[in-house]
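Peer 1: dropping the sequence and predicted coords here.
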There are 2 protein chains.
Amino acid sequence: MTTLSPTPRSTVQRGKKRAVTSRDELYSVLDAGLICHLAVDVDGAPIVLPTAYGRDGDTLYIHGSTGARSLREAITGKPVCVAVTLVDGVVYARSVFHHSMNYRSAVIHGIAQPAEDEVRGLRAIVAQSSPGSWEYARTPTPKEMAKTAVLAIDLTEASVKIRTGGPGDDAEDIEADTVWAGVLPLHTSWGVPVTDNGHAVPAHVSERGR
Amino acid sequence: MTTLSPTPRSTVQRGKKRAVTSRDELYSVLDAGLICHLAVDVDGAPIVLPTAYGRDGDTLYIHGSTGARSLREAITGKPVCVAVTLVDGVVYARSVFHHSMNYRSAVIHGIAQPAEDEVRGLRAIVAQSSPGSWEYARTPTPKEMAKTAVLAIDLTEASVKIRTGGPGDDAEDIEADTVWAGVLPLHTSWGVPVTDNGHAVPAHVSERGR
């Protein structure tokens, strides 16, 4: 199993027991997400933006519009940090201090570069946010591709943290045993498709897994 | 209705039609979230981290551990950017190009300062992530408070974007009418509480709304 390559900034400092070092776990967290949060420095201050993404091998792709004040202009060639976070539940401890959340989190540090193969990158993004759509819907025209900036971020420098299980209360609070403690799981699920036209809902939408 | 105070960086540049300028909408997005993504610049590169938060009036609170290489050390007095994002569904358009997501997004720019009233800040964070727990579980001791850094970020400079509704396809694709288009809603819901001890699940957990 390939391990992640931690650098000082990608080495988990807090909550080391939650750090995970396998590359498969990184893929697993990234493949389960729907959006990422992308941070970049603009004029000396950080900006964080939610955006769609996709993964193909060890490359993370994001996209945006081309043109002035665009994603492409803001981040191409600059250090970026990308987080994908899945919250799985709230941990109710016997003490407020030990309250926590169960989650899966991936954080990637890299340089955003123009994608060498823009179509490949866009396909990865579409496969992540709406699997099956590239094969089903009308694919982009050259004009639409020209309006779309596709950026690639290498997945070499990444950290993964996963928390599962019940509360980690202090021994005194466990012994006192005065209140309920446990986990309230958080689930995400797809609802009933809302149809915009007269066609039947295709299987890649109606049977979408999560 | 109070409006937000946009500055160049908090003025929505892309997708202006999705920008919302009421302060009530900002509160509504923040109050519906469970975690935020916090970005800060460390050694010339941005870092983004998922973390719990709370809101009290026009102040956003976050917390972390005190000590070396901690959140407090990394961000106190520095410009930060915080995003709270709720994904409500995937928009399947007739063309790949117009695929989108329905979402509610708040982005705040500010300076992270030590909270003037740390207990107030912590209560806001607990009320957001586990409402009822401050009143139910054992509250923090002075020693636990000393280990906890509570930081405050003013909500003055913020932007809100909300997308709802069906796909915005081109007229030609709508006319051609070759494929299904619509929205697949994404729901989040609480599961069945997993109990860690012999107590009955309290109402603030079993009846938690979302």
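Peer 2: Nice, thanks for sending it over. Residues are numbered from 1 along each chain as shown, chains lettered A, B, ... in the order given.
Peer 1: in chain A, what residue spans correspond to strands?
Peer 2: Defined through DSSP state E, the strands belonging to chain A, from first to last, are A:19-20, A:36-42, A:45-51, A:54-56, A:59-65, A:79-92, A:100-111, A:113-114, A:148-154, A:157-163, A:182-190, A:194-195.
Peer 1: compare those strands and say which comes out lowest on pLDDT.
Peer 2: Ranked by mean pLDDT, the strands of chain A bottom out at strand A:19-20, with a mean of 72.
Peer 1: can you name every helix or strand that that one contacts?
Peer 2: If contacts are counted by 3 or more C-beta pairs under 8 Å, 6 or more residues apart in numbering or on different chains; DSSP states H and E, strand A:19-20 sits against strand A:157-163. No exception for glycine: its C-beta is placed from N, CA and C like everyone else's.
Peer 1: counting by contacts, list what the strand it packs on packs against.
Peer 2: With contacts defined as 3+ C-beta pairs under 8 Å, 6+ apart, strand A:157-163 has these neighbours: strand A:19-20, helix A:23-32, strand A:100-111.
Peer 1: and it, C-alpha only, in PDB?
Peer 2: Extracted C-alpha coordinates of strand A:157-163, given in PDB (Å, rounded to 0.1, in the frame of the first residue of the first chain):
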ATOM      1  CA  GLU A 157       1.400  16.200  -0.700                       C
ATOM      2  CA  ALA A 158      -1.700  15.300   1.200                       C
ATOM      3  CA  SER A 159      -3.000  14.400   4.600                       C
ATOM      4  CA  VAL A 160      -6.000  12.300   5.700                       C
ATOM      5  CA  LYS A 161      -7.800  12.300   9.000                       C
ATOM      6  CA  ILE A 162     -10.600  10.000   9.900                       C
ATOM      7  CA  ARG A 163     -12.500   9.900  13.100                       C
END
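Peer 1: burial of residue A:78, as a residue count?
Peer 2: For residue A:78, the neighbour count with other C-beta atoms under 10 Å in any protein chain shown is 14.
Peer 1: returning to what we had before: dump the strands of chain A to CSV, plus distance to residue B:67 and mean neighbour count.
Peer 2: Putting the strands of chain A into CSV (distance: least, C-beta to C-beta, whole Å; neighbours: other C-beta atoms under 10 Å in any protein chain shown) gives the following:
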stretch, distance to residue B:67, mean neighbour count
strand A:19-20, 18, 18
strand A:36-42, 23, 24
strand A:45-51, 23, 22
strand A:54-56, 34, 20
strand A:59-65, 32, 22
strand A:79-92, 22, 23
strand A:100-111, 18, 22
strand A:113-114, 36, 14
strand A:148-154, 31, 22
strand A:157-163, 18, 21
strand A:182-190, 27, 17
strand A:194-195, 49, 16
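Peer 1: show me which helix runs longest in chain A.
Peer 2: If each helix of chain A is counted by residues according to DSSP state H, the longest one is helix A:118-129.
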